[in-house]
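> build me a structure from this.
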Amino acid sequence: MRLPCTPPPSFVCVCLYLSVAHFIAARPALAANSPLLTMDEIKKLVESGRYKDALNPIYRALALQGPSAAAYDRSELFMLRAECQLQNKDQSGLLASLEQAKKEAIASRQFAKLVAPTALAALVQQSTGYKYTPKNAKEGFSILDPAQRPAAYAALFAEDFPLVKAKVAALNNAKTMAPILEFAKRVGTLRALEIASQPDTQPKTLQVAPLISAVTTNADLLMTNALNDLAKQSAAISDLAQQIIHDTVPMYDANTRQSWFQPRTRRRGITNQEAATLRNVMSDCDKIHLSAAEIAAALASDFDTYQALATKADTTKAKSAATLNDNYSVVP
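Residues are numbered from 1 along each chain as shown. Model prediction:
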């Protein structure tokens with residue numbers, strides 16, 4: 001749901017805002033004359049534990065533009081940067097890199113690559129001193145050790161899944177998108193944790209699959225009904241505005257001091273109340289567009305469905321803006 005003249009960001013771009021300030025502030029000095037490493041060479045540096053050495057070529061690769069950047073997967077580069085920052089215990093930089101990795105995965109429509117940054121971010125946020133210890137457990141998992149992470153993901157999933165599952169019934173009574181969006185984010189995190197702990201699991205056999213279905217069913221219904229209602233409101237006002245009116249306009253000639261009524265043909269136009277309704281419709285369309293993008297990104301699924309909802313929201317908004325800004329003194 002959005003405002004008149006400024007066109008909304010595209011569906012995919014809703015989720016994509018760059019952490020430029022952090023990127024520049026955290027960027028190390030680059031060796032401009034050294035050869036640029038390939039993607040495989042950068043990976044080998046990280047895999048061999050040369051995290052500080054890897055950061056420089058990662059930043060250089062991320063700075064590339066145009067054809068020279070095509071050889072590098074930006075989402076993967078941000079994941080490699082995140083690993084280096086994790087090992088260097090730079091938590092704020094790590095979380096920023098994981099967020100960037102998600103945005104790049106969405107931008108390139110590589111939705112499977114949302115799993116790794118989502119799962120690792122959840123694990124980092126639930127860890128203390130780079131160690132995740134489940135409740136009532138004596139021993140924890142070092143998140144600095146990649147080999148321990150699958151078990152840590154499984155433990156975190158096992159801890160959170162029943163808590164989220166217990167709240168799914170409440171979605172059926174949701175009247176607004178806010179609770180659905182919040183639930184979608186938690187379910188999306190659970191989905192990432194489950195896949196990260198068991199990479200070979202088929203989507204339909206995931207424990208979290210019924211929760212995803214609950215979110216999408218309720219979200220689709222709520223947004224579709226809202227869009228249909230907004231489209232009807234907009235169309236009804238447009239139809240009234242296009243009605244042809246035949247009336248007269250008082251005229252006065254100062255030279256002859258004569259007055260008369262001049263016949264006039266015009267379109268009805270819109271009232272102040274109708275203008276306010278159109279602005280509300282446009283604002284609501286922006287909110288639906290954003291909600292569709294947020295749910296699709298959170299769940300890493302049904303992108304085409306939510307793309308269609310976002311497009312319908314944009315179309316309704318555009319029609320409302322045209323009705324609001326038309327010159328009704330002109331009769332086509």
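
> now the end-to-end length of stretch 263-272.
In stretch 263-272, first residue to last residue: 25 Å (Cα to Cα, to the nearest Å).

> tell me the mean pLDDT over that stretch?
Mean pLDDT, stretch 263-272: 92.

> how distant is it from the center of its chain?
Counting by Cα atoms, centre = their mean, to the nearest Å, stretch 263-272 is centred 41 Å from the centre of its parent chain.

> who's in contact with that stretch?
Here stretch 263-272 makes contact (Cβ atoms under 8 Å, 6 or more residues apart in numbering) with 237, 240-249, 278, 323-324, 326, 328-331. (Each C-beta comes from the backbone N, C-alpha and C, glycine too.)

> that stretch: which residues count as buried?
Judged by neighbour count (16 or more other Cβ atoms under 10 Å), stretch 263-272 contains these buried residues: 267, 269-270.

> inside strands: which ones of these?
Within the buried residues of stretch 263-272, residues falling in strands by DSSP state E are R267.

> adding distance to A147, write the buried residues of stretch 263-272 out as JSON lines.
Shown next, in JSON lines, are those (distance: Cβ to Cβ, whole Å):
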{"residue": "R267", "distance to A147": "71"}
{"residue": "G269", "distance to A147": "70"}
{"residue": "I270", "distance to A147": "65"}
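
> with respect to A166, which of the buried residues of stretch 263-272 is nearest?
A166 lies nearest to I270 out of the buried residues of stretch 263-272, by Cβ to Cβ, at 48.4 Å.

> how about that closest one, phi and psi?
Backbone torsions of I270, given as degrees, to the nearest 10, read phi -120, psi 150.

> how much space separates it from P332?
16 Å (Cβ to Cβ, to the nearest Å).

> then G140?
Note on G140: its distance to P332, by Cβ to Cβ, is 72 Å.

> helices of the stretch 1-150 of the chain, residue ranges please.
Counting by DSSP state H, counting those that start in this stretch, one finds helices in the stretch 1-150 of the chain at the ranges 11-14, 20-26, 39-47, 51-63, 74-87, 91-107, 115-125, 149-165.

> export the fifth one to PDB, keeping only CA atoms.
So that's helix 74-87. Output of helix 74-87 as PDB, limited to C-alpha atoms (Å, rounded to 0.1, in the frame of the first residue of the first chain):
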ATOM      1  CA  ARG A  74      28.000 -12.500  -5.300                       C
ATOM      2  CA  SER A  75      25.800 -14.400  -2.900                       C
ATOM      3  CA  GLU A  76      28.600 -16.900  -2.400                       C
ATOM      4  CA  LEU A  77      31.200 -14.200  -2.100                       C
ATOM      5  CA  PHE A  78      29.200 -12.700   0.800                       C
ATOM      6  CA  MET A  79      29.000 -16.100   2.400                       C
ATOM      7  CA  LEU A  80      32.800 -16.400   2.100                       C
ATOM      8  CA  ARG A  81      33.200 -13.000   3.600                       C
ATOM      9  CA  ALA A  82      30.800 -14.000   6.400                       C
ATOM     10  CA  GLU A  83      32.900 -17.100   7.200                       C
ATOM     11  CA  CYS A  84      36.000 -14.900   7.400                       C
ATOM     12  CA  GLN A  85      34.300 -12.400   9.700                       C
ATOM     13  CA  LEU A  86      33.000 -15.200  11.900                       C
ATOM     14  CA  GLN A  87      36.400 -16.700  12.300                       C
END
